[in-house]
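A.B. asks: Here's a sequence, model it:
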Amino acid sequence: MATDNASPSEGGYAQPEIDVRALAEVLDGEYAGIRDLVRTNLVTHASVLEEADELGVDAFRERVREVVVEMAATGQTGMGFPAEYGGGGDVGASIAAFETLAFGDLSVLVKSGVQFGLFGGAILHLGTERHHEAYLPDLIAGRLMGSFAMTESGHGSNVQALGTVARYDAATREFVITTPDDGACKDYIGNAARHAELAVVFAQLEVGGTSEGVHAFVVPVRVGGETAPGVRIEDDGRKMGLNGVDNGRIRFDDVRVPREALLDRFAGVSPEGVYTSPIENPNRRFFTMLGTLVQGRVSIGGAGVGIAKVALAIAVKYSVRRRQFEASPGSEEQLLLDYGLHQRRLLPLVARTYALHFAQDVVRTQLHEVFSGAEDDPQARRRLESRAAGTKALGTWHATRTVQECREACGGAGYLAVNRFAALKADSDVFTTFEGDNHVLLQLVAKGLLTDHASEFEDLDQLGMVRYVTGLAVETVMERTSAHKLLERVRDLLPGGDEWDREAGLLDPEYQLAMVRYREEHMLAGVARRLKHGIDRKQDPGAVFSQVQDHVIALAHAHVERLVLEAFVDGVRAMPEGGNKEALGLLCDLFALSAIEADRAWFMEHGRLTVQRSKAITREVNDLCRKVRPLAVDLVDAWRVPPEMLRAPDLVG
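C.D. replies: Numbers count the residues shown, from 1 in each chain. Below is the predicted model of the structure:
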């Protein structure tokens, strides 16, 4: 229990006592065992944090590979694969392991993600039994290293427009993989520059002169440690961070692979050259294929939360050790965290990290249910894809913001390479970009909201979405969305119309939820009206969408923030009565009100906040920071970041 300068009870307020061990058990949840295994492995290989600074790029890449393979031997990295191939058969456990691995060196994390999540996940989910038997046992054990070759120099997020071509040659029963131009080079491919023997290559399939869209193929890129015939590989070189990961650029000069190299879960080509697929619609087939790879986004979103935990653990611990300026003449200098501004800088970030932790629990559970379920539910998959995209965006942006704020909060000491901030900043910055650029992902979220994941969802590009939405009455768009139904339910529970929110207590979770639900519903209606208005004026659909893009992103952000708050509220309500529940209740209020405060201009512009109530929210946020301050060390300790991972002796003691 942290007791540094604890606030006395005021006005009947009694400071809750936190049972750190019990709170940690709640946070670790059903996956406590795998999380503890990962923590043990992180401590065992803690030296890699120093080696990142001490070794050259080539030597560090080899060291990271060693650590990944040694961790694989413990079973940590194979949890999501079927047991018959040496895995753990538990998708949820694999995500929990990855989230916890984010406490350590991020090159190790990303190389593990490439090997077991992307490369292994593609073979598992896009391949069939023959691929599983041929590759999974060695892949899971780390004996067979591979790459996930999707992104191209000229085609990043627009996967449907990839330039790499795979033509079927019926005479030899082979596919011919070709890079037609520089824009079609596979780029930034993890494991490519040094260690990959195979690559799952995404290419435009051509059969009998007909293009069948993007499909995935297993292609050898190295044989006996040497680049395979017809394959050209360039090292991407040093990056801002993650220099333990050997990213490379790959070109294919008419590389021939056998017909069986096609990962054929969703489509196949007969020896004679006849293309068949159980999914007739090519767009639906494409989105179904990509949907099986959603695990990567869920993993990266969770990793972002883990990164924020490391940064906050360091900054909070430093803030209760470091003193600066006396509060009054002759008194001892004041602890940093006793300053209201310092509380304002760090404690809302602690609250948001807890909120995102509970939101990650929800999306992890959804992933586990979708991929472990006996029945294939397309609607559940679409909801998962949307939620995964949104939580990945908010989680990784939160990591970037938190690392920077925590570095600044530690002053000059935070700038020294001996602590984690230098590596965290450099290594985590790209998380906002890979597994989907965050702004592109939020457009995916908004697309789902505007169409309510309609049956036509897979057929709609941006222009199709505009035409679809504008073909409906705005009221129809609203009626088809869950946000509208949620807000109506709140109005039924809390009568009084629009006057209610001006009278409700700021700490009433129903008030907080009603505010964020109203914002989402209003933004959704606004985007739909703007789309209709543009089309009614005979404007080009592409231009119309471009003009409302900022509103689209704001809508998606509001939607995901509503989901995060709901997850936090539900998580707190499910806890047993006691000090831990009271403490997380304070954090939940702090998250909700600081989020409303951050967007107070919108709420005031739309009549949901008076000037007086806006000021009251600011006062409440300040008061909540004062109440959370004595609990701060316990709250970050409950994350159980191994001390060896903090690597900041002068900061944390």
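A.B. asks: low-confidence ranges in this protein?
C.D. replies: 1-11, 323, 325-331, 374-375, 452-504 (pLDDT under 70).
A.B. asks: and if we set it to 50?
C.D. replies: Counting by pLDDT under 50, the chain shows low-confidence ranges at 1-9, 453, 455-458, 460, 486, 489-497.
A.B. asks: can you give me the helices for the stretch 151-300 of the chain?
C.D. replies: Under the criterion DSSP state H, counting those that start in this stretch, helices of the stretch 151-300 of the chain are mapped to 282-291, 295-319.
A.B. asks: between those, which one is nearest to R194?
C.D. replies: Nearest of the helices of the stretch 151-300 of the chain to R194, taken as Cβ to Cβ: helix 295-319 at 21.4 Å. C-beta: built from backbone N, CA, C; applies to glycine.
A.B. asks: Which neighbouring elements make contact with that closest one?
C.D. replies: In terms of contacts (3 or more Cβ pairs under 8 Å, 6 or more residues apart in numbering; DSSP states H and E), helix 295-319 is packed against helix 91-101, helix 106-112, helix 340-372, helix 378-409, helix 421-428, helix 632-637, helix 643-646, helix 649-652.
A.B. asks: Tell me how far the third one lies from the chain's centre.
C.D. replies: What separates the centre of helix 340-372 from the centre of its chain is 11 Å, taken as Cα atoms, centre = their mean, to the nearest Å.
A.B. asks: Would you indicate which residues of it are buried?
C.D. replies: Within helix 340-372, the residues that count as buried by 16 or more other Cβ atoms under 10 Å are 342-343, 345-364, 366-368, 370-371.
A.B. asks: now do stretch 431-446
C.D. replies: Of all the residues in stretch 431-446, those buried under the rule 16+ other Cβ under 10 Å are F431, T432, F434, E435, G436, N438, L441, L442, Q443, L444, V445, A446.
A.B. asks: end-to-end on stretch 77-84?
C.D. replies: By Cα to Cα, to the nearest Å, the extent of stretch 77-84 from end to end equals 15 Å.
A.B. asks: what residues does it touch?
C.D. replies: 34, 68, 71-72, 86-91, 93-95, 97, 112, 115-117, 120-121, 124, 132, 136, 140-142, 295 (Cβ atoms under 8 Å, 6 or more residues apart in numbering).
A.B. asks: Shouldn't V68 be within a helix?
C.D. replies: Yes. Counting by DSSP: H, G, I helix; E, B strand; the rest coil, V68 is part of a helix.
A.B. asks: re earlier: nearest to Q547, of the helices and strands packed on helix 295-319?
C.D. replies: Evaluated over the helices and strands packed on helix 295-319, closeness to Q547 peaks at helix 378-409, with 21.9 Å, by Cβ to Cβ.
A.B. asks: who does that closest one touch, helix- and strand-wise?
C.D. replies: Contact here means 3+ Cβ pairs under 8 Å, 6+ apart; on that basis helix 378-409 packs against helix 282-291, helix 295-319, helix 340-372, helix 421-428, helix 438-451, helix 549-573.
A.B. asks: so how many other residues sit close to T128?
C.D. replies: 15 (other Cβ atoms under 10 Å).
A.B. asks: That one and R265 touch, don't they?
C.D. replies: Yes. With contact defined as Cβ atoms under 8 Å, T128 counts as touching R265 (5.5 Å).
A.B. asks: Out of the contacts of stretch 77-84, which end up buried?
C.D. replies: Buried, going by 16+ other Cβ under 10 Å: 34, 68, 71-72, 86-88, 90-91, 93-95, 97, 112, 115-117, 120-121, 124, 132, 136, 140, 142, 295, out of the contacts of stretch 77-84.
A.B. asks: returning to that earlier point: of the buried residues of stretch 431-446, which is the nearest to N191?
C.D. replies: Closest to N191, out of all of the buried residues of stretch 431-446 and judged by Cβ to Cβ, is F434, at 13.8 Å.
A.B. asks: Next, the closest one: secondary structure please.
C.D. replies: Per three-state DSSP, F434 ends up coil.
A.B. asks: Now for the residue most central in space within the chain: which residues touch it?
C.D. replies: Taking Cα atoms, centre = their mean, the centroid of the chain lies closest to G301, which sits 1.7 Å from it. Residues near G301 by Cβ under 8 Å, 6+ apart: Q360, V363, A388, T391, K392, A393, L394, G395, T396.
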